[in-house]
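J.: Fold the following, please.
(one chain, ligands or ions: 2)
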Amino acid sequence: MILNEADLVRWGNRIGQEVSGPLFIGLKGPLGAGKSVLARAVARGAGIEGPIPSPTFNLMFEYSTERGTSLVHMDLYRLLDPEELWELGWEELGSSSEIVLLEWPERAESFLPQNRWEVELVVPSEDSDLREVAVTRFGHPKGIPGFPVILHGDTEEGGA
Ligand SMILES: Nc1ncnc2c1ncn2[C@@H]1O[C@H](COP(=O)(O)OP(=O)(O)OP(=O)(O)O)[C@@H](O)[C@H]1O
Ligand SMILES: [Mg+2]
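T.: Ligands and ions are numbered 1, 2, ... in the order given. Have a look, this model is predicted:
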């Protein structure tokens, strides 16, 4: 499936609106692929307000909403060794009901949870505004909504 940024955001919003934790989603793709764009869209859909900065230096930000949703946004790009995950409280993740969005999940190696989704964003060519999106299920995570279906002739207002 190939999505422009607006459609990727729409899909992320839907995930945030419709899923409840515990749920773990790894976000893969090169620098600038749109992993944070998608994570932010999920967080907005889940009702998180205010700034949602990239966790590039802090590695982890936690959010919660008034209706009791909690969401963890992590970026492991700067993780030097998977063992550092314990310092971030990795052990407790997923034990309560948060939605965990993890950029650069491959850095966690064997510590990734068995039940998870991985979303890979591929940039088809330099400067392209489109992303090829590949979704892979590992184990038996809770379901996530599918891609937005855009029908020919659909308008913003009339869209499903
Ligand atoms: N179809 C698209 N989907 C998502 N982002 C897009 C798309 N087209 C263009 N962009 C742009 O690509 C950039 C993606 O930046 P983002 O910070 O989300 O990347 P990232 O994958 O999180 O990178 P990093 O590994 O550095 O954290 C944004 O500037 C966004 O506007
Ligand atoms: Mg990012």
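J.: pLDDT below threshold where in this structure?
T.: Applying pLDDT under 70 to the chain flags the ranges 148-160.
J.: Give the burial count for the residue in the chain that ligand 1 sits nearest to, as a bare number.
T.: Nearest to ligand 1, among the residues of the chain, is residue 34, at 2.7 Å (CB to the nearest ligand atom). (Glycine included, C-beta is placed from N, CA and C.) Neighbourhood size, residue 34 [other CB atoms under 10 Å]: 23.
J.: Find the closest residue to ligand 2 in this protein.
T.: residue 36 (3.2 Å; CB to the ion).
J.: secondary structure element for that residue?
T.: Taking DSSP states H and E as the definition, residue 36 sits inside helix 35-45.
J.: On the C-terminal side of that helix, identify the next helix or strand.
T.: strand 60-64.
J.: which residues are in contact with that following strand?
T.: 43, 48, 52-53, 55, 70-75, 88-89, 98 (CB atoms under 8 Å, 6 or more residues apart in numbering).
J.: Skipping adjacent residues, who's closest to residue 89 in space?
T.: residue 60 (7.8 Å; CB to CB, 6 or more residues apart in numbering).
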